[in-house]
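**Q** prediction below, plus the sequence it came from.
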Amino acid sequence: MERAFPGLRLGWTTSEEGQRTLLANRDAWLAQQTFDGEFPLLHNGNMSDYVSVSGWAGSATSSSGGQAQLEVHARLSLTADAIAAAADVLEAIAEAAHAFWGHATPFNASVEISRQTVDPLQKPGVPPRGLPALKFPEHIRSPEIPQYLGWLNYWSAASSRALRFPDPSRDADLLSRARHTASDGWIVRLTDAPLDLDNPAHLDALLRAYERFPEIGGRSST
C-alpha cells in the first residue's frame with residue numbers, strides 16, 4: 001500500500017479499547033502480532049484523511065467453496081489523492097495477498113451492494129434499485145467467483161477464467177477501463193468516477209456488468 005500510495009505511512013495501530021499507538025518499529029511489532037495469517041489494524045494516524053488495513057480469517061463454513069480464506073480489508077478516504085491511487089492500492093493489496101478477487105467501492109455504494117445478498121431464511125429481502133439477488137458466500141461453489149461487483153474490481157487469473165473475461169467481442173467497454181496485472185489478473189473499472197448509484201449512468205453500468213457476468217454472486221453455476 002505504501003509503495004502504491006505516495007506519501008502513505010501506516011505506522012499506527014488502535015486497540016479494541018480505542019487507544020491509538022504510534023509504532024516505533026512497526027514491522028517487528030507486526031511480526032509479533034500476526035497469528036494464523038491474521039494481522040491487526042494498521043493506519044496512518046490521520047483521522048481527517050484516514051487510511052487503514054487489517055486482515056482476518058474467514059472460516060471454511062462461511063466462505064466460498066468451503067475453503068477458509070484470509071480477508072484483507074483496507075480503507076481510503078475519498079480525497080483526490082486517494083481516488084487517484086485507489087486502483088494501484090487495490091492491485092498492490094490483491095497481488096501481495098495472492099487474492100482470488102477484490103474490490104474498491106465508495107461506502108454509500110457498498111452499503112447498497114451489501115443489500116443484494118439475500119436468502120429466504122438467513123436474510124429475507126429484495127435488493128435495491130433493481131439489482132440482482134446474490135447468494136451468501138457459503139452457497140457459492142468456488143472462491144474464484146467474486147461475491148459481488150464494486151467500482152474497481154480485481155480479478156485474479158483464476159477468477160478471470162471463471163468469468164470468461166475478457167471476451168473481446170463482448171467486453172470492449174470494460175476493456176477500455178481495464179488493465180492487466182503482473183500475475184495475469186485484471187483491474188476492471190466500472191465507471192471513470194467513483195461509483196455513485198444515484199447517478200443513472202453508474203447504476204446502468206453496474207446492472208450491465210451483472211448481466212455480463214451471471215456467475216458473480218453465485219447466480220449461475222455454469
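**A** Perfect, thanks for sending it.

**Q** any stretches of the protein with poor pLDDT?
**A** Residues of the chain meeting the criterion pLDDT under 70: 221-222.

**Q** show me where it has its helices.
**A** Counting by DSSP state H, residue ranges of the helices within the chain are 26-33, 80-96, 107-114, 157-163, 172-175, 200-212.

**Q** check the gap between the residue of the chain most remote from its centre and G18 for me.
**A** When each C-alpha in the chain is compared with the mean C-alpha position (C-alpha atoms, centre = their mean), A24 comes out farthest, at 29.9 Å. When distances are taken as C-beta to C-beta, to the nearest Å, A24 and G18 turn out to be 20 Å apart. (Glycine included, C-beta is placed from N, CA and C.)

**Q** for the residue farthest from the centre of the chain, give me phi and psi.
**A** Reported as degrees, to the nearest 10, the phi and psi values for A24 are phi -70, psi -40.

**Q** for stretch 188-200, list every residue counted as buried.
**A** Taking 16 or more other C-beta atoms under 10 Å as the neighbour-count basis, stretch 188-200 is seen to contain the buried residues 188-191, 194-195, 197.

**Q** could you dump those to TSV with distance to W56?
**A** TSV is the format used below for those (distance: C-beta to C-beta, whole Å):
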residue	distance to W56
V188	26
R189	27
L190	27
T191	30
P194	26
L195	25
L197	28
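
**Q** contacting residues around S15?
**A** Contacts for S15 were tallied using C-beta atoms under 8 Å, 6 or more residues apart in numbering; they are T21.

**Q** which stretches of this protein form strands?
**A** In chain order, the chain shows strands spanning 12-14, 20-22, 39-43, 52-58, 69-75, 101-104, 152-155, 178-180, 186-189, with DSSP state E as the criterion.

**Q** so of those strands, which one's packed in deepest?
**A** For the strands of the chain, ranked by mean neighbour count under the definition mean count of other C-beta atoms under 10 Å, the leader is strand 152-155 at a mean of 26.

**Q** contacts made by that one with the rest, please.
**A** Outside strand 152-155, the residues within contact range by C-beta under 8 Å, 6+ apart are 86-87, 90-91, 94, 99, 101-105, 146, 163, 165, 181, 185-190.

**Q** strand partners (parallel or antiparallel) of that strand?
**A** Its sheet considered, strand 152-155 pairs with strand 101-104 (antiparallel), strand 186-189 (antiparallel) by DSSP bridges.

**Q** closest to L134 out of the ones you listed?
**A** With C-beta to C-beta, the closest approach to L134 among these belongs to strand 101-104: 13.1 Å.

**Q** neighbouring contacts of that closest one?
**A** The contact list for strand 101-104 (C-beta under 8 Å, 6+ apart) reads 72, 76, 86-87, 89-90, 93-94, 144-156, 159.

**Q** put the buried members of those residues into a ChimeraX selection.
**A** Restricted to the buried members of the contacts of strand 101-104, where burial is judged by 16+ other C-beta under 10 Å, the ChimeraX selection command reads as follows:
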select :72,76,86,87,89,90,93,94,144,145,146,147,148,149,150,151,152,153,154,155,156,159
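
**Q** what residue is smack in the middle of the chain?
**A** Closest to where the C-alpha atoms of the chain average out (C-alpha atoms, centre = their mean) is H103, at 2.6 Å.
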